[in-house]
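Participant: this one's structure only:
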Ligand code: ZN
């Protein structure tokens, strides 16, 4: 089976449409969403509708949680806070309920999925190095787990110790465990502005990162026109 695994869409419709078309062209029949469907960009309804229409496993991201609730945003940076407030105003009650009811962790065919970490999935901490990854591995019950949240593709491998390396493509080896960040569809932060997601073939065990250009200008224009901070449009061009 060929899986398309994607997350951190952040209401970027142009990027979402491009990666889903690419996944279908590559023969993906199964989709998995790692959360943060909304937040930052201008098309929360459209992105929610598309993800819901896939009827695929979805886990909750921090933006999904905060957009769905009325809880305090004081620990967010000012840009993220503005984006979440804007998104809260946009979402309909049924959309907020759907987001609020998403699970934090899910398991599909002996593969675990989570937005942030397996050790503290509700704290929304970041896996930024081997030490962070080791804490997550300690709670990983499958050989393979996909995650997001940092918006930077990366693979951590646990054999005797944990190593981290950039993700391009790799064949999963038996006897090793993997914690793989698939990057971000709608707001990459690894210096590459193009949308990122992963194709995973469960037969060949090949994991392949895909990077795709999308209609960036249109996404930026919609952000500005919608009253979101223009800085959110500018950052997309830099992949930061
Ligand atoms: Zn995110």
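Facilitator: Arrived safely, thanks for sending. Model, not experiment: these values are computed from the prediction.

Participant: helix or strand right after the lowest-mean-pLDDT helix or strand in the chain?
Facilitator: Ranked by mean pLDDT, DSSP states H and E, the weakest helix or strand in the chain is helix 78-90, scoring a mean of 93. Once the chain leaves helix 78-90, the next helix or strand it forms, by DSSP states H and E, is helix 93-100.

Participant: what's the angle from the least confident helix or strand of the chain to helix 93-100?
Facilitator: 130 degrees (axes from the mean of the first three to the mean of the last three C-alpha atoms, to 10 degrees).

Participant: which sections of this protein are below the confidence cut-off?
Facilitator: Scanning the chain for pLDDT under 70 picks out no residues.

Participant: Residues of it that sit close to the ion?
Facilitator: Proximity of the chain to the ion, by C-beta under 5 Å from the ion, involves residues 8, 36. Every residue, glycine included, has its C-beta placed from N, CA and C.

Participant: in the chain, which spans are helices?
Facilitator: Listed in chain order, the helices of the chain (DSSP state H) span 13-25, 44-53, 62-68, 78-90, 93-100, 130-137, 216-225, 230-238.

Participant: Could you provide those helices in CSV, with additional columns for distance to residue 119 and mean neighbour count?
Facilitator: Below are those laid out as CSV (distance: least, C-beta to C-beta, whole Å; neighbours: other C-beta atoms under 10 Å):
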stretch, distance to residue 119, mean neighbour count
helix 13-25, 29, 20
helix 44-53, 26, 17
helix 62-68, 16, 23
helix 78-90, 23, 17
helix 93-100, 23, 15
helix 130-137, 4, 18
helix 216-225, 34, 17
helix 230-238, 29, 16
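
Participant: quick one: buried residues of stretch 160-168?
Facilitator: Neighbour-count burial for stretch 160-168 flags 162, 164, 167 (criterion: 16 or more other C-beta atoms under 10 Å).

Participant: Quick check: most distant residue from the centroid of the chain.
Facilitator: Relative to the centre of the chain, the most outlying C-alpha is that of residue 160, 28.2 Å out, by C-alpha atoms, centre = their mean.

Participant: wait, what's in contact with it?
Facilitator: Counting by C-beta atoms under 8 Å, 6 or more residues apart in numbering, residue 160 touches no other residue.

Participant: That one and residue 143, how far apart?
Facilitator: 15 Å (C-beta to C-beta, to the nearest Å).

Participant: picking that back up, angle of the least confident helix or strand of the chain against helix 44-53?
Facilitator: If you take the same axes, to 10 degrees, helix 78-90 sits at 80 degrees to helix 44-53.

Participant: Quick check: the nearest residue to residue 239 once chain neighbours are set aside vs residue 112, distance?
Facilitator: Distance criterion C-beta to C-beta, 6 or more residues apart in numbering; nearest residue to residue 239, sequence neighbours excluded, is residue 193 at 4.2 Å. Going from residue 193 to residue 112 by C-beta to C-beta gives 29 Å.

Participant: got it, and residue 154?
Facilitator: Noted for residue 154: a distance of 17 Å to residue 112, by C-beta to C-beta.

Participant: what's the answer for residue 192, then?
Facilitator: 26 Å.

Participant: Just give the closest residue to residue 38, not the sequence neighbours.
Facilitator: residue 44 (4.2 Å).

Participant: Residue 31 now?
Facilitator: In space, residue 31 is closest to residue 56, 3.9 Å off (C-beta to C-beta, 6+ apart).
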